[in-house]
Each structure stands twice: as C-alpha cells, then as structure tokens.
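Predicted structure and sequence below. I'll ask about it afterward.
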Amino acid sequence: MEGEGNERKFILSFSSEEPYERFWGREILDHSPDAVDLTRLGSMGVLLYNHNRDNVLGKVNKVWLEGQRGMAEVEFDKDEASEVVFQKVKSGTLKGVSVGYRINVIEEVKSGAVSTDGRFTGPCDVARDWMPYEISIVSVPADATVGVGRDLGQQDTTSISGTLSYFEAQLQINRNREVSV
C-alpha cells in the first residue's frame, strides 16, 4: 500500500492466483481478463474491516488486473472509526487484505488432470468466472501474498498463448470431471 503524508488514497493488491485451501479442497481465482468481472467493484466497491458490511472504512476508487493480481486504489473515509484502522494500516500494524467475491463458473480439475488452459494441475477448483464485490482490511488474511506492501514482486507474468475456445474449454472441463480420483 502506498500513500504520501496525509493522503488517504492507497494502491494495494486484493487478490491473486495463490491456491487457497477450502474445506472441500484447493480453490484458485483465475486472473485472466475474461475470468474477472471488475464492474461492480469498480462502480460501487467499498473498503471494509474484516468483511463486516457494517464497518465501512472507505471506497474503492479504481480497480484493474496486473500480473495475475487484482489491484485497487482505495481511499479511507475521515470518520472516527475509519481513522483508527487507517492509522494501524499507516503504521504497519495491519497489513492483511482480503476480497469478498461470488463465483459464477468453476472448473473442477481432478487429481492428476490439467486445467483447460494448462496452468493448474489438480486436484483444485479454478474460478473461471468470478466477481469481486468488496475489499477488506483484515487482521488474518487467507492469501498472504496480497495486501498492504505486497506488490508484484517475483510473480510470473508470462501469458499463456493459444488458449482454448469457449467450446473447447467446456469439453475439457467435462473431461476433467470424468477423470477418476
């Protein structure tokens, strides 16, 4: 997260393709441009504290994808409750960031199988169509690779060429479902 002096605007990373262990298995958020719908977050996104919808800290000014990461410019409000968290972020006490999202399409990649784009090996579930709707400053983040002071670092930014058509991708998803565990 970057800021200058009394500036209340910061740039941060809010999501990545880092696998996250859910109770059912590993979940990966695909960050290719066709997979992430940033419309809602960009038009009415808010900055929350610990995903509490009643604890709004500020607004999301701008969102974009960069190097397989969701990036945002956020701005803290000036009310008393926001100021407490803002000061903890500014001092480095709070560094964690998380994202609230909804998955519309998920590709289940069975053990030993490869995802339709060839980037992920199962077992895992890859969110192929998902929408972030809020960004939270959190005390304990699920993805430790994003957040305050977490820039692109050593991320691999090579793109996959020759991606499959929608029809071919759906056929591969269906084949992956048929692979036995």
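Yes, it's here.

Please make it C-alpha for all contacts and neighbour counts, starting now.
Fine.

And the strands in this structure, which stretches?
When secondary structure is read from DSSP state E, the chain shows strands at 9-16, 20-22, 25-29, 46-49, 52-65, 69-76, 96-109, 124-138.

Any idea how far apart the tips of stretch 40-52 sit?
18 Å (C-alpha to C-alpha, to the nearest Å).

for stretch 109-125, same thing?
6 Å.

so for that stretch, what's the average pLDDT?
On average, the pLDDT along stretch 109-125 is 95.

same thing with stretch 44-64?
95.

Check which residues of it are buried.
By neighbour count on 16 or more other C-alpha atoms under 10 Å, the buried set for stretch 44-64 is 45-51, 56-63.

before we move on, what about stretch 107-125?
107-110, 113-116, 120, 122-125.

ok so, going back, take the strands of the chain and lay them out in CSV including distance to residue 87.
Converted to CSV, these look like this (distance: least, C-alpha to C-alpha, whole Å):
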stretch, distance to residue 87
strand 9-16, 13
strand 20-22, 29
strand 25-29, 30
strand 46-49, 13
strand 52-65, 12
strand 69-76, 10
strand 96-109, 14
strand 124-138, 12
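
Identify whichever of these lies nearest to residue 146.
Shortest distance between residue 146 and those, using C-alpha to C-alpha, is found for strand 9-16: 5.2 Å.

Residue 106 against residue 115, yeah?
No - using C-alpha atoms under 8 Å as the test, residue 106 is too far from residue 115 to be in contact (11.0 Å).

joint contacts of the two?
Applying C-alpha atoms under 8 Å, 6 or more residues apart in numbering, one finds that residue 106 and residue 115 are jointly contacted by residue 126.

Okay, now the unreliable bits of this protein?
For the chain, the stretches with pLDDT under 70 are 1-6, 147-181.

50 - rerun?
1-5, 149-167, 177, 179-181 (pLDDT under 50).

hang on, isn't residue 72 packed against residue 47?
No - the pair residue 72 / residue 47 is not scored as a contact, 10.4 Å apart, by C-alpha under 8 Å.

hey, what's in contact with both of the two?
residue 60.

before we move on, back to that, from the buried residues of stretch 44-64, which is closest to residue 137?
residue 49 (5.0 Å).

And the closest one, how far from residue 29?
22 Å.
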